[in-house]
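Q: quick one, fold the following:
(chains A and B)
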Amino acid sequence: MNKIKNAFENKKAFIGFLTAGDPTFEDSYNNIMAMVKAGADLIEIGIPFSDPIAEGVVIQGANIRALSHGMTTDRAFELAEKVRSQTDIPICFMTYLNPVFKYGYDRFFQRCKDIGVDGLICPDMPFEEKHEASDVAKKYDISVISLIAPTSEERIKMIAEEAEGFIYIVSSMGVTGMRSEIKTDLDHIMDAVKKYAKVPAAIGFGINKPEQAQKMAAISDGVIVGSAIVKLVEKYGSEAPEHIYEYVKSMKDAIR
Amino acid sequence: MSNGRYGEFGGQYIPETLMNEIHKLEEAYEFYKNDKDFNDELNALLRDYAGRPSLLYYAEKMTKDLGGAKIYFKREDLNHTGSHKINNVLGQALLAKKMGKTRIIAETGAGQHGVAAATAAALLGLECEIFMGKEDTIRQALNVYRMELLGAKVNPVTSGTMTLKDAVNEAMRDWTTRVDDTLYVLGSVMGPHPFPMIVRDFQSVISKEAREQILEKEGRLPTAVMACVGGGSNAMGMFYNFINDNDVRLIGCEAAGRGVHTGETAATIATGTLGIFHGMKSLFCQNEYGQIAPVYSISAGLDYPGIGPEHAYLHSIGRAEYVPVTDDEAVNAFEYIARTEGIICAIESAHAVAHMMKIAPTMSKEDIIICCLSGRGDKDVAAIARYRGIDLHE
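A: Predicted coordinates for the structure are as follows:
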């Protein structure tokens, strides 16, 4: 059974991201488990890609570290499998379409199902191009997550109506990365999303402080945090789990 | 063709943030391409500013020396700014202006597209920022300064392999931060739809003129037309109006670097596989996990791990042929055409010249080849000297 909806059941969800294999397989496993222990509701595991065009410098760095230490799509599946053996937390992969396409859609989603990965997020797969992947994913009960951006405007209806799992609301223009202020009129976007969507919507891009998380969670169903966590990985190396635990706990407390 | 597809190739694999903007671009283009005022303005710029039509030059000495097919060069190197890139940027920059944009951004490899974009921006009063791999800013330092002279800001890109593909990544990232006032002026027949179509259309002036010129000079169509291929814009321009002339061979010359079996290559058709990258489904140099491979060529302009979707399509249906040409062969051709015809062409174009030197002698005197000289070679002189072990300081 797809577990994504569990992340949002009667609560605001905290969704934490990190890149598989950054800087090593073991480190990313320990960091994920720290997030789980701290109360994260859904884990996004990034499969590194050589050319992550939607990422800012922090997550670009994680992609480079992970690839240079030999992380592959197969190893990312092993990581997800190891996490799944310890917890029932919903898991999504986040990557670019080429690694999935190259792995083979059937083979990729079959393996997601076998292991218990619940969804896939691809920032370079807009609504018009998603069907080649999402039609296959459906066969295996894997959700292909749709993104809605500040520029989506009249596209919100068609995207939201077909959305599965949850909707990823991109808070700001540009790429991933910590922002001191989020200026987009998100109330307006959320109103439109709520009107058409049958699934929850979480906000990501730029969120890094508990006050921001609280504000974003107040108007949505959850928050997605990536760069701030990856920054801790970059800064603390193998000491990162305790810092990630404290950080995720503070964010989760803020949105309760 | 629908939805920007050429067979299975093409598409629009880009972040949602850009989707509305790319639809607006398509709408604007579909309107202005049939707009008389737009076309009058563009044609005036191409004629009076860029110097079109470019010459179709009969290379008599090379023809005699190689002893086979009659050789013509389409002299895009004589355009203002020294390459075919001006054809596209004048079109796109004018389109940007009509769309109410005040800023253009562009990627560049060798610097030719960057220089052309900076030139068009200066002329049309647009702000301009160029993204160029740091590696390329070193290989093509003169072009960096040239762009700055033209008032553009050049951003050296330090991510990834610090070459053309990384410059495209960075330009796309920049575009997602500000679509309101900015148009990404893509330099090749690549990226998400409608770019491969727009760039092809603006570059198709090359084959439109060449077809008329050869009919006027020879009274018949050529046996083959050829051009170098990185992303493939001058080749698409050279091929386009000959596609329906089924007897005309279309030959694209890829940069093989140190050879297609060495791993130090940029020959996408020869070594690439189907993938999805930079907004398009096409052929890419990549590993088994879909990680884009570092590519290598002496030519910064052909140093790209992919190829435009329409080329991938023409290859898949067997309409066009694509051949790899090594650094060595290109440098030899660069020197040969300089000595024989007194033309210093771009190292990119020299890849096409090199292959022409191979096939011309195997053809009969009745055959005609048109080879596109996509750019001039001033920018490459220092690098060629270094290749020959001469320490030249500019």
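
Q: quickly find the element holding the nearest residue to A:F127 once chain neighbours are set aside.
A: Using CB to CB, 6 or more residues apart in numbering or on different chains and skipping residues adjacent in sequence, the residue nearest A:F127 is A:I159, 5.1 Å away. Where you see a C-beta, it was placed from the backbone N, CA and C, and this is true even at glycine. Using DSSP states H and E, the element containing A:I159 is helix A:156-162.

Q: any part of the next helix or strand after that helix near chain B?
A: Next helix or strand after helix A:156-162 toward the C-terminus (DSSP H and E): strand A:167-170. Yes. Counting by CB under 8 Å from any CB of the partner chain, chain B has neighbours in strand A:167-170: A:V170.

Q: pull the distance from strand A:167-170 to the chain's centre.
A: 10 Å (CA atoms, centre = their mean, to the nearest Å).

Q: straight-line length of stretch B:64-77, end to end?
A: End-to-end span of stretch B:64-77 (CA to CA, to the nearest Å): 23 Å.

Q: now do that stretch, average pLDDT.
A: In this model, stretch B:64-77 has an average pLDDT of 98.

Q: and for stretch B:288-297?
A: Here stretch B:288-297 scores 96 as its mean pLDDT.

Q: quote the end-to-end distance of it.
A: 22 Å.

Q: B:I317: neighbour count?
A: B:I317 has 9 neighbours, counted by other CB atoms under 10 Å in any protein chain shown.

Q: how many other residues sit next to the spatially closest residue to it that is not a sequence neighbour?
A: If the residues on either side of it in the chain are set aside, B:I317 comes closest to B:G7, at 7.1 Å by CB to CB, 6+ apart. The tally of other residues near B:G7 (other CB under 10 Å) stands at 14.

Q: residue contacts, B:G7?
A: By CB atoms under 8 Å, 6 or more residues apart in numbering or on different chains, the residues touching B:G7 are B:A312, B:Y313, B:S316, B:I317.

Q: so what pLDDT did the residue nearest in space to the middle of chain A get?
A: In chain A, the residue lying closest to the centroid (CA atoms, centre = their mean) is A:E44, at 3.9 Å. pLDDT for A:E44: 98.

Q: pull up the pairing partners for whichever strand or helix holds it, direction included.
A: A:E44 belongs to strand A:42-46 when assigned by DSSP H and E. According to DSSP bridges, strand A:42-46 forms sheet pairs with strand A:13-19 (parallel), strand A:91-94 (parallel).

Q: got the contact list for that strand?
A: Residues from elsewhere that reach strand A:42-46, judged by CB under 8 Å, 6+ apart: A:4, A:7, A:13-20, A:28, A:32, A:35-36, A:59, A:62-63, A:66, A:76, A:79-80, A:83, A:89-95, A:117, A:121, A:222, A:224, A:226.

Q: and after it, which helix or strand comes next?
A: Where DSSP H and E defines the elements, the next helix or strand beyond strand A:42-46 is helix A:57-68.

Q: ok, now which ones touch the closest residue in space to B:A93 that isn't next to it in sequence?
A: Spatially, and ignoring its direct neighbours in sequence, B:A93 is nearest to B:A120 (3.8 Å; CB to CB, 6+ apart). The contact partners of B:A120, by CB under 8 Å, 6+ apart, come to B:I86, B:V89, B:L90, B:Q92, B:A93, B:L94, B:I104, B:L126, B:V185.

Q: sorry, back to before: got a quick ChimeraX command for the buried subset of the contacts of strand A:42-46?
A: A single ChimeraX command suffices to select whichever of the contacts of strand A:42-46 are buried according to 16 or more other CB atoms under 10 Å in any protein chain shown:
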select /A:4,7,13,14,15,16,17,18,19,20,28,32,35,36,59,62,63,66,76,79,80,83,89,90,91,92,93,94,95,117,121,222,224,226
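
Q: got the residues of the stretch 51-200 of chain B near chain A?
A: So far as CB under 8 Å from any CB goes, the stretch 51-200 of chain B lies against chain A at B:S159, B:G160, B:K165, B:D166, B:N169, B:M172, B:R173, B:T176, B:T177, B:R178, B:V179.

Q: hmm, which of those residues are the buried ones?
A: B:S159, B:G160, B:K165, B:D166, B:N169, B:M172, B:R173, B:T176, B:V179.

Q: out of these, which one sits closest to B:T265?
A: B:K165 (14.3 Å; CB to CB).

Q: I'd assumed B:A293 was in contact with that closest one.
A: No. Contact criterion CB atoms under 8 Å: B:K165 and B:A293 do not qualify, at 9.8 Å.

Q: which residues are in contact with both of the two?
A: With CB under 8 Å, 6+ apart as the test, B:K165 and B:A293 both reach B:P305.

Q: contacts only, for the closest residue to chain A within the stretch 101-250 of chain B.
A: For the stretch 101-250 of chain B and chain A, the shortest gap (CB to the nearest CB) falls at B:T177, measuring 3.7 Å. B:T177 makes contact with A:M173, A:G174, A:V175, according to CB under 8 Å, 6+ apart.

Q: and the first one, how close does it get to B:N20?
A: Summarising the geometry, the distance separating A:M173 from B:N20, computed by CB to CB, to the nearest Å, is 12 Å.

Q: for the nearest residue to B:G82 once chain neighbours are set aside, what are phi and psi?
A: Of all residues not flanking B:G82 in the chain, B:R376 sits nearest, at 4.3 Å (CB to CB, 6+ apart). Dihedral pair for B:R376: phi -90, psi 160, per degrees, to the nearest 10.

Q: quick one: neighbours of B:R376, just the number.
A: Neighbours of B:R376 using other CB under 10 Å come to 21.

Q: is it true that it touches B:C345?
A: Yes. At 6.4 Å, B:R376 counts as touching B:C345 under the criterion of CB under 8 Å.

Q: what residues are shared contacts of those two?
A: B:D77.

Q: quick check: B:L124 touching B:G91?
A: No. B:L124 lies out of contact with B:G91 (CB under 8 Å); the separation is 11.4 Å.

Q: within reach of chain B, which of the contacts of B:T177 are there?
A: Within those, those near chain B by CB under 8 Å from any CB are A:M173, A:G174, A:V175.

Q: residues of the stretch 101-250 of chain A that sit close to chain B?
A: When proximity is defined as CB under 8 Å from any CB, the stretch 101-250 of chain A approaches chain B at A:101-103, A:123-129, A:147-153, A:155, A:159, A:170, A:173-175.

Q: buried residues in stretch B:242-255, which are they?
A: Under the neighbour-count rule (16+ other CB under 10 Å), stretch B:242-255 has B:F242, B:I243, B:V248, B:R249, B:L250, B:I251, B:G252, B:C253, B:E254, B:A255 buried.
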